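Q: compute the structure for the input listed below.
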Amino acid sequence: MAIEKIAFIGTGVMGHSMVLNLLKQGYALTVYNRTASKAQDLAKYGAVVAQSVKDAVKDADLVISIVGYPKDVREIWLSAEGIIANMKEGAIGLDMTTSEPALAKEITAAGAARGLLIGDAPVTGGDVGAKNGTLAILFGGSEELFAKVQEPCSAMGKTLVRFGEAGAGQYAKICNQIAIAAGMMALCECIATAKKVGLDEALVIDTLSKGAAGSFSMNSYGPRILKGDFNPGFFIKHFVKDLKIALDAARACGLTLPGTELAYKFYCTLENEGLGELGTQALYKYYEEHCGA
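A: Numbering: from 1, shown residues only. Model (predicted):
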């Protein structure tokens, strides 16, 4: 079955741009967001705005979700008014939320009980990647489903990799968030040190980004930190959730992650200070408030 109609659940910072890129490729989109105002403007680009998950998914060939927390994922996929209960026969699904591997497996199994192919496909690349259609998509699920989602995924990302069966995409995203956590701490400490010793921080970031220290975080978030731009490409409150998932997964396999634990502590402090709606680059505020930056 060719994919023509897509239901997209979750039109926040990431989802909004992903919907626009799917529309540009000619797909018919029906969207739903719990906070309706975040979906309304997509109507002017050609999307149909549904009033419920059930209404959004009932005619879709492909259902995609990218929401906030595992509890939200569970509700929209597994409830009586949710996705699996209301998908049409032959439809397929992708949860692109960063969520728990065990929940991804549960959703895939629930879909299979109805004869539906469902997988996990969390993304990385931030708000810039979502806007530019250059996300990396980390897939967990069957080879059959992986083949079916190639074209729509190519509208949202430049890299689509299958890591294994259900849950494998979430494990890959856990690895990604672990690397980002350490990298963001290093970036903040780099900028703080450059400032304290009297260097031009912008020149430091520009120069180091061209060498071995260069990274996506340095290129994308270094300039934002220097401008005092802490608007979210990815919310602190969601990163706290991701790091907890990562630490729980590590403990479950007997692994200790001291660097990730430290980053989690720092980000929890920021969230407790009321900064959860800021972007992850606002970690620099921790260094300003608590480390003398």
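
Q: so residue 195 versus residue 225, what's the distance?
A: Using C-beta to C-beta, to the nearest Å, we find residue 195 at a distance of 10 Å from residue 225. All C-beta atoms are positioned from the backbone trio N, CA, C, and that covers glycine.

Q: list the residues that contact residue 154.
A: residue 160 (C-beta atoms under 8 Å, 6 or more residues apart in numbering).

Q: just give the number of residues close to the nearest residue to residue 22 once chain neighbours are set aside.
A: By the measure of C-beta to C-beta, 6 or more residues apart in numbering, the closest residue to residue 22 outside its immediate chain neighbours is residue 155, 5.1 Å from it. Residue 155 has 17 neighbours, counted by other C-beta atoms under 10 Å.

Q: the one 3 residues further on too?
A: Neighbourhood size, residue 158 [other C-beta under 10 Å]: 14.

Q: could you do the one 4 residues further on as well?
A: A total of 20 residues lie near residue 162 under the criterion other C-beta under 10 Å.

Q: who's in contact with the helix or strand harbouring it?
A: If you go by DSSP states H and E, residue 162 is part of strand 157-164. Surrounding strand 157-164, the residues in contact under the criterion C-beta under 8 Å, 6+ apart are 123, 125, 129, 133-141, 143, 146, 149-150, 153-154, 168-169, 171-172.

Q: repeat the analysis, applying 10 Å as the threshold.
A: 18, 21, 96, 119-121, 123-125, 129-130, 132-143, 145-147, 149-150, 153-154, 168-173, 175 (C-beta atoms under 10 Å, 6 or more residues apart in numbering).

Q: partner residues bridging residue 161?
A: Residues in a beta bridge with residue 161, per DSSP bridges, are residue 138.

Q: that one and residue 103, how far apart?
A: From residue 161 to residue 103 the distance is 21 Å (C-beta to C-beta).

Q: what's the answer for residue 268, then?
A: For residue 268 relative to residue 103 (C-beta to C-beta), the value is 22 Å.

Q: between those two, who's got more neighbours?
A: residue 103 (22 against 15).

Q: report pLDDT for the more buried one.
A: Model confidence at residue 103, given as pLDDT, is 99.

Q: cool, residue 233 as well?
A: For residue 233, pLDDT reads 89.

Q: is it true that it touches residue 180?
A: No - the criterion here is C-beta atoms under 10 Å, and residue 233 misses it with residue 180 at 11.4 Å.

Q: so what sits against both of the two?
A: By C-beta under 10 Å, 6+ apart, the residues touching both residue 233 and residue 180 are 126, 221, 280.

Q: and for the second one, the neighbour number?
A: Here the neighbour count serves as a burial measure; for residue 221 (other C-beta under 10 Å) it reads 30.

Q: that one: what secondary structure?
A: Reduced to three states with DSSP: H, G, I helix; E, B strand; the rest coil, the structure at residue 221 is helix.

Q: might you report the residue contacts of it?
A: Per C-beta under 10 Å, 6+ apart, neighbours of residue 221: 126, 128, 180, 183-184, 187-188, 191, 205, 215, 229-230, 233-234, 279-284.

Q: tell me what the helix or strand encompassing residue 8 is packed against?
A: Assessed by DSSP H and E, residue 8 sits inside strand 5-9. Contact here means 3 or more C-beta pairs under 10 Å, 6 or more residues apart in numbering; DSSP states H and E; on that basis strand 5-9 packs against helix 13-24, strand 28-32, helix 53-57, strand 62-65, helix 70-78, helix 83-86, strand 92-95.

Q: what angle separates that strand from helix 13-24?
A: Relative orientation of strand 5-9 and helix 13-24, computed by axes from the mean of the first three to the mean of the last three C-alpha atoms, to 10 degrees: 170 degrees.

Q: returning to what we had before: give me the buried entries from the contacts of residue 221.
A: Neighbour-count burial (16 or more other C-beta atoms under 10 Å) applied to the contacts of residue 221 gives 126, 180, 183-184, 187-188, 191, 205, 215, 230, 233-234, 279-284.

Q: looking at the residues you listed, which are in helices?
A: Among the buried ones among the contacts of residue 221, the members found in helices (DSSP state H) are 126, 180, 183-184, 187-188, 191, 205, 283-284.

Q: show me the contacts for the nearest residue to residue 39 once chain neighbours are set aside.
A: Sequence neighbours aside, residue 33 is the residue nearest to residue 39 in space, at 4.0 Å (criterion: C-beta to C-beta, 6+ apart). Residues in contact with residue 33 (C-beta under 10 Å, 6+ apart) are 8-12, 15-16, 19, 39-40, 42, 49-50, 56, 67.

Q: what's the farthest-apart pair in these?
A: Greatest spatial distance in those: 40 and 67, 17.6 Å, computed using C-beta to C-beta.
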